[in-house]
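K.L.:
Provided below are the primary sequence and the corresponding predicted coordinates.
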Amino acid sequence: MNTKQLNKLTMYLAVEGICDGTPTAWQSLQAFANAYTDLKLHVTNIQTFSQSQAQDTSGVAQDKQAARQAMCAAALPIANAVHAYAVKTKNNTLANDVDFSMSDLMGGRDVQSRDHCQNIYTTANTNIANLAAYNLLISKPRDTRAAGKTVTTNLQAEFDAADVDLGIMDDLTGQITVAKSMSDYENARIIMDTTASHASPTPATPPPATLKP
């Protein structure tokens, strides 16, 4: 969740606090009540998506690194055995194809490391199953990023929907006759900049009843 969204969420929660604290001021306005029910649902969804977005994915990277090291450690002895055979039989092409050190196998991008090991196992035609798990692990961070993009898109959709509900509520605030409730609502609809050293209020929109998200 970015700073703008965080500030908006703070405002949504402030609006919730005012509405929950003064239900008699708006409960008779059915359209307002319906919009507020929807708003609360979107706020709940926003908080859920935000938690999902903030999920620590460091474990995936650690698993991938461990799998990469295990793969390379398994491939190197086979590469050395094939290299020894190639030298013995004076097969310079084969020797060159499997001439790797551990640092060679561990270096470079994930797919390069995988391809080096895959070539060793294919050439030796043995223990190739050891690569299967790592081939899946390589794609995991990408899958995680793709899932993160989906969460980010859904999060923005919830903010957009919440703003629509707030717009409906803003249009109806002129019918709220309790002065204090109106004043508190207007104050809650001010978005605070939480990144400033001293949070300075910036009106989110013009005052009701022309208030728009």
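P.N.:
Received the coordinates, thanks.
K.L.:
which secondary structure elements does the helix or strand containing residue 41 contact?
P.N.:
Assigned by DSSP states H and E, residue 41 belongs to helix 30-53. For helix 30-53, the contact count by 3 or more C-beta pairs under 8 Å, 6 or more residues apart in numbering; DSSP states H and E identifies helix 3-21, helix 132-172 as packing neighbours. For every residue, glycine as well, the C-beta is placed using N, CA and C.
K.L.:
after the longest one comes which helix or strand?
P.N.:
Counting by DSSP H and E, the element after helix 132-172 in chain order, helix or strand, is helix 179-188.
K.L.:
ok, residues contacting that following helix?
P.N.:
By C-beta atoms under 8 Å, 6 or more residues apart in numbering, the residues outside helix 179-188 that reach it are 11, 14-15, 17-19, 21-22, 25-26, 173, 176, 207-208, 211.
K.L.:
out of these, which are buried?
P.N.:
11, 14, 15, 18, 19, 22, 25, 26, 173, 176, 208, 211 (16 or more other C-beta atoms under 10 Å).
K.L.:
Tally up the residues packed near the residue nearest to the first one when sequence neighbours are not counted, please.
P.N.:
Looking back up the chat, that one is residue 11. Using C-beta to C-beta, 6 or more residues apart in numbering and skipping the chain neighbours, the partner closest in space to residue 11 is residue 191 (4.7 Å). By the criterion of other C-beta atoms under 10 Å, residue 191 has 20 neighbours.
K.L.:
Assign a three-state SS to residue 191, would you?
P.N.:
strand (DSSP: H, G, I helix; E, B strand; the rest coil).
K.L.:
Residue 48 versus that one, what's the distance?
P.N.:
Per C-beta to C-beta, to the nearest Å, residue 191 is found 22 Å from residue 48.
K.L.:
Lowest average confidence across the helices and strands packed on helix 30-53, which one?
P.N.:
Per-stretch mean pLDDT for the helices and strands packed on helix 30-53 is lowest at helix 132-172 (a mean of 74).
K.L.:
Could you count how many residues lie near the residue lying closest to residue 47 once chain neighbours are set aside?
P.N.:
Excluding its sequence neighbours, the residue lying closest to residue 47 (C-beta to C-beta, 6+ apart) is residue 9, at 7.6 Å. Residue 9 has 21 neighbours, counted by other C-beta under 10 Å.
K.L.:
which residues sit in contact with residue 9?
P.N.:
Going by C-beta under 8 Å, 6+ apart, residue 9 touches 1, 43, 46, 47, 50.
K.L.:
go on, residue 91?
P.N.:
residue 85.
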